[in-house]
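Engineer: Next come a sequence and a model predicted from it.
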Amino acid sequence: MARPTVAEQFVQVLVQAGVSRIYGVVGDSLNPVVDAIRRTEGIEWVHVRNEEAGAFAAAAEAGLTGKLAVCAGSCGPGNTHLVQGLYDANRSGVPVLALASHIPSGQIGTGFFQETHPERLFVDCSGYCEQISRPGQMPRMLRIAIQHALTRGEVSVLVLPGDVAQLEATAPTGTSAFVTERATLVPPRKQVEELAQVINSARRVTLFCGAGVRGAHAEVMELAGKVHSPVGHSLRGKEWIQFDNAYDVGMSGLLGYGACYKAMHDADLLLLLGTDFPYDSFLPQAHTVQIDHDATKLGRRTPLDLAVHGDVRETLRAVLPLLAQKQDRGFLDDMLREHYRSLETVVDAYTRRVEKHVPIHPEYVADLLDDLAAHDAVFTVDTGMCNVWAARYLTPNGRRRVIGSFLHGSMANALPHAIGAQLAYPGRQVISLSGDGGLGMLMGELLTVRLHDLPVKIVVFNNSSLGMVKLEMLVDGLPDFETDHAHVDFAAIARGAGLHAVRVTEPGKVRQALAEALAQPGPALVDVVTDPNALSIPPHITTEQMRGFALAASKVVLTGGVGKMIDLARSNLRNIPRP
């Protein structure tokens, strides 16, 4: 019986690891691997129009499922296209394996056609990056790469010359179990006792939650109730902590709203729970304790009074029995009132004549979409103003997911993320909130959606502007320049690609257009012409930034509205005891 080739062995190991698809564009140096996939049951090749999109799709699949996802690029330009999506995956901490095929091994170092050095190129966007130069390195190196990605939550890259992939394997494929579930880290007892002492000693405590509170909702709510603490969150923490939360005071950061910033700065003790919040200027830089399972993140954004190395849920379970019930809830009640007042002052920008406002308020579109979307919908969100509308209008419930390029901040992520999400969950509603700038950048992926008949729903916030860039310029006191561009009828383009598509210019027709698109059995696009002047001011803005607006703003700058957040704030006021 003939031995398998290196390419066949490569594919067999991926199947053993539970991989069911590889995203990429076929090409000469990848041909042996693609042909091996053709002949192997249980795995498929997902053709995309750009390898960048393939890497984004793999990132979304890995982020949603927690399982290994794979993308590939042929030698030279094919694998250099992967870089953007791999940076996104690596910074998001999701397990992705990238196959970067290479020129013929005998030509490496000669300046050959399409020669690059992928073993150098991908080092900065991966945790493991190595080259297979002879058959005997397989399957061992592939299994090492897979285990790195799974256990560390990172990108692994294997570089494989096309001619080596065609050679006969010399080592048996065999089988090997992969660790797919990480251990839960329990903090040292001394740190738990110190944490209890710090919390018990503080009069006013605020909790600020990131994505690390996933699975710890009940424990965070119990802690907030015990110490009468306001609970704020980052963008990545929103989906895990805001629902069923009687202590919610909103979000901090550039996209934030509500009383979160004030609650953090007015507290005697700020507890950072599972967050590596990058915007240190929004943190008080004092009286702070941080809990994180990754010790390298402790204290890198702010000085700490105490650093606790542990899983958030396990840490809170350990400390809660040691905490005394606080009696004074004055700070919490003040922050809940402040939160409601801050939302009430901006809601008029959203509600005033919204059903008659032309161009259409983007907030109105997001609010309607939140109403119409399924309870377990997966939203993928483009970087920029779409992040703002998602943060302020999509209501979390513990079942919905919202993913985006929240750490790398890449444009054009929403549609390719939606492709990976839909393939991972074919029976689930997947909605891409795409900006016109992002969609225009990787518009070819409309063809990918049609090719694979993916029932992705694409809502385009089409303001013919780079809205977030415009806001950045205004804040810096600069007139917006080259942020606006010619109008594009994305619905017409989508129809040309074979998608159900409609263009909406009147607010009274938005609901019907969204409802019809969501009801389509296949892919659909709704191109909504929105107001380019609808921008969002952060909840805290410096004097210098205000001066910048005064110098540069020649257009109406709205506060962006707050959607159902004000309803939540209003309901939480009912929790304040009456005298």
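Structural biologist: Alright, I've got the coordinates. Numbers count the residues shown, from 1 in each chain.
Engineer: C-alpha only now, for contacts and for neighbours.
Structural biologist: Fine.
Engineer: give me the low-pLDDT residue ranges for the chain?
Structural biologist: Counting by pLDDT under 70, the ranges of the chain that qualify are 1, 345-354, 467-468, 470-477, 534-575, 577-579.
Engineer: if you set the cut-off to 50 instead, what comes out?
Structural biologist: Scanning the chain with the threshold set as pLDDT under 50 gives 348, 351, 545-560.
Engineer: Let's check: the centremost residue of it is which one?
Structural biologist: In the chain, the centroid-proximal residue (C-alpha atoms, centre = their mean) is G404; its distance is 3.0 Å.
Engineer: ok, that one - contacts?
Structural biologist: 380-383, 413-414, 417 (C-alpha atoms under 8 Å, 6 or more residues apart in numbering).
Engineer: Which neighbours in the sheet does the helix or strand A98 falls within have, and how are they oriented?
Structural biologist: Taking DSSP states H and E as the definition, A98 sits inside strand 96-102. The strands that strand 96-102 pairs with in its sheet are strand 69-73 (parallel), strand 155-161 (parallel) (by DSSP bridges).
Engineer: quick check, distance from that strand to the centre of its chain.
Structural biologist: Centroid separation between strand 96-102 and its chain, computed with C-alpha atoms, centre = their mean, to the nearest Å, is 22 Å.
Engineer: cool, and stretch 8-24?
Structural biologist: Put simply, stretch 8-24 sits 25 Å off its chain's centre (C-alpha atoms, centre = their mean).
Engineer: again, but for stretch 258-277
Structural biologist: The chain centre lies 21 Å from the centre of stretch 258-277; the measure is C-alpha atoms, centre = their mean.
Engineer: in it, what's buried?
Structural biologist: 258-265, 267-277 (16 or more other C-alpha atoms under 10 Å).
Engineer: tell me which residues of stretch 4-24 are tucked away?
Structural biologist: 4-15, 17, 19-24.
Engineer: I should have written stretch 60-68 there, sorry.
Structural biologist: 60-64, 66-68.
Engineer: So what touches that stretch?
Structural biologist: By C-alpha under 8 Å, 6+ apart, the list of residues contacting stretch 60-68 from outside reads 17-19, 69, 92-97, 146, 149-150, 180, 403, 417-418, 420-421, 423-424.
Engineer: ok, of these, which come out buried?
Structural biologist: By 16+ other C-alpha under 10 Å, the contacts of stretch 60-68 give 17, 19, 69, 92-97, 146, 149-150, 403, 417-418, 420-421, 423-424 as buried.
Engineer: tell me which residues in stretch 279-288 are buried?
Structural biologist: With burial defined by 16+ other C-alpha under 10 Å, the residues of stretch 279-288 counted as buried are 282-284, 287-288.
Engineer: and if you look at stretch 451-470?
Structural biologist: 454-470.
Engineer: again, but for stretch 133-147
Structural biologist: Within stretch 133-147, the residues scored as buried using 16+ other C-alpha under 10 Å are 134-135, 138-139, 142-143, 145-147.
Engineer: In helices, which of the residues you listed fall?
Structural biologist: Residues of these located in helices (DSSP state H): 142-143, 145-147.
Engineer: and which of the residues you listed is nearest H357?
Structural biologist: Of all these, the one sitting nearest H357 is I146; the distance, using C-alpha to C-alpha, is 52.2 Å.
Engineer: Just confirm the closest one contacts S156, I think it does.
Structural biologist: Yes: counting by C-alpha atoms under 8 Å, S156 is a contact partner of I146 at 7.0 Å.
Engineer: Neighbours of A519, how many?
Structural biologist: By the criterion of other C-alpha atoms under 10 Å, A519 has 12 neighbours.
Engineer: what's the spacing between it and A513?
Structural biologist: Here the criterion is C-alpha to C-alpha, to the nearest Å. By it, A519 lies 10 Å from A513.
Engineer: And for P95?
Structural biologist: 37 Å.
Engineer: Likewise for N31?
Structural biologist: 43 Å.
Engineer: How about S281?
Structural biologist: From S281 to A513 the distance is 41 Å (C-alpha to C-alpha).
Engineer: what about H117, how many neighbours?
Structural biologist: Neighbour number of H117 under other C-alpha under 10 Å is 15.
Engineer: Check the one 5 residues further on too.
Structural biologist: Taking other C-alpha under 10 Å as the neighbour definition, F122 ends up with a count of 26.
Engineer: hang on, isn't it packed against C129?
Structural biologist: Yes: the pair formed by F122 and C129 meets the contact definition of C-alpha under 8 Å, at 6.7 Å.
Engineer: Mind listing the shared neighbours of those two?
Structural biologist: Common neighbours of F122 and C129 (criterion: C-alpha under 8 Å, 6+ apart): V157.
Engineer: helices or strands up against the helix or strand containing G232?
Structural biologist: If you go by DSSP H and E, G232 is part of strand 231-233. Using 3 or more C-alpha pairs under 8 Å, 6 or more residues apart in numbering; DSSP states H and E as the contact test, the elements touching strand 231-233 are strand 205-209, strand 248-251, helix 260-266.
Engineer: Can you pull out the residues in contact with the shortest one?
Structural biologist: Strand 248-251 is contacted by residues 230-235, 238, 242, 256-261, 263, 335-336, 339, 569, 572 when judged by C-alpha under 8 Å, 6+ apart.
Engineer: Pull out the buried residues from the residues you listed.
Structural biologist: 230-235, 238, 242, 256-261, 263, 335-336, 339, 569, 572.
Engineer: Excluding covalently adjacent residues, which one is nearest to D484?
Structural biologist: Closest residue in space to D484, ignoring its immediate chain neighbours: S465 at 4.2 Å, by C-alpha to C-alpha, 6 or more residues apart in numbering.
Engineer: Repeat that for E44.
Structural biologist: Closest residue to E44 apart from its sequence neighbours, by C-alpha to C-alpha, 6+ apart: R21 at 4.6 Å.
Engineer: Please, which helix or strand holds R337?
Structural biologist: helix 330-344.
Engineer: now the angle from that helix to strand 205-209?
Structural biologist: Computed by axes from the mean of the first three to the mean of the last three C-alpha atoms, to 10 degrees, the angle separating helix 330-344 from strand 205-209 equals 50 degrees.
Engineer: List the buried residues of helix 330-344.
Structural biologist: For helix 330-344, by 16+ other C-alpha under 10 Å, it's 331-333, 335-344.
Engineer: So which elements touch that helix?
Structural biologist: strand 248-251, strand 257-258, helix 260-266, helix 565-573.
Engineer: Please, which helix or strand holds T315?
Structural biologist: Under the assignment here (DSSP H and E), T315 is part of helix 312-319.
Engineer: what's the angle from that helix to strand 205-209?
Structural biologist: Counting by the same axes, to 10 degrees, helix 312-319 lies at 150 degrees to strand 205-209.
Engineer: Am I right that F56 sits in a helix?
Structural biologist: Yes: secondary structure of F56 (DSSP: H, G, I helix; E, B strand; the rest coil): part of a helix.
Engineer: Pull the contacting residues for it.
Structural biologist: Counting by C-alpha under 8 Å, 6+ apart, F56 makes contact with 85-86, 88-89, 413, 416-417, 420.
Engineer: Drop anything exposed from the residues you listed.
Structural biologist: The buried subset of the contacts of F56 - by 16+ other C-alpha under 10 Å - is 85-86, 88-89, 413, 416-417, 420.
Engineer: Tell me the one among those residues nearest to T395.
Structural biologist: The closest of those, once distances to T395 are taken by C-alpha to C-alpha, is H417, at 19.9 Å.
Engineer: Return the set of residues that bridge with F208.
Structural biologist: Beta-bridge pairing for F208 (DSSP bridges): G232, L272.
Engineer: What's the separation between it and Q242?
Structural biologist: Here the criterion is C-alpha to C-alpha. By it, F208 lies 11 Å from Q242.
Engineer: Need the residues touching each of those two.
Structural biologist: H233.
Engineer: Mind exporting the C-alpha coordinates of the host helix or strand of K226 to CSV?
Structural biologist: For K226, the host element (DSSP H and E) is helix 217-227. Output in CSV follows, covering the C-alpha atoms of helix 217-227 (Å, rounded to 0.1, in the frame of the first residue of the first chain):
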residue,chain,number,x,y,z
HIS,A,217,-22.8,36.4,35.1
ALA,A,218,-24.4,35.0,38.3
GLU,A,219,-21.2,35.5,40.4
VAL,A,220,-20.8,39.1,39.2
MET,A,221,-24.5,39.9,40.0
GLU,A,222,-24.1,38.3,43.5
LEU,A,223,-21.0,40.4,44.1
ALA,A,224,-22.7,43.6,42.9
GLY,A,225,-25.6,42.9,45.2
LYS,A,226,-23.4,42.2,48.2
VAL,A,227,-21.4,45.4,47.9
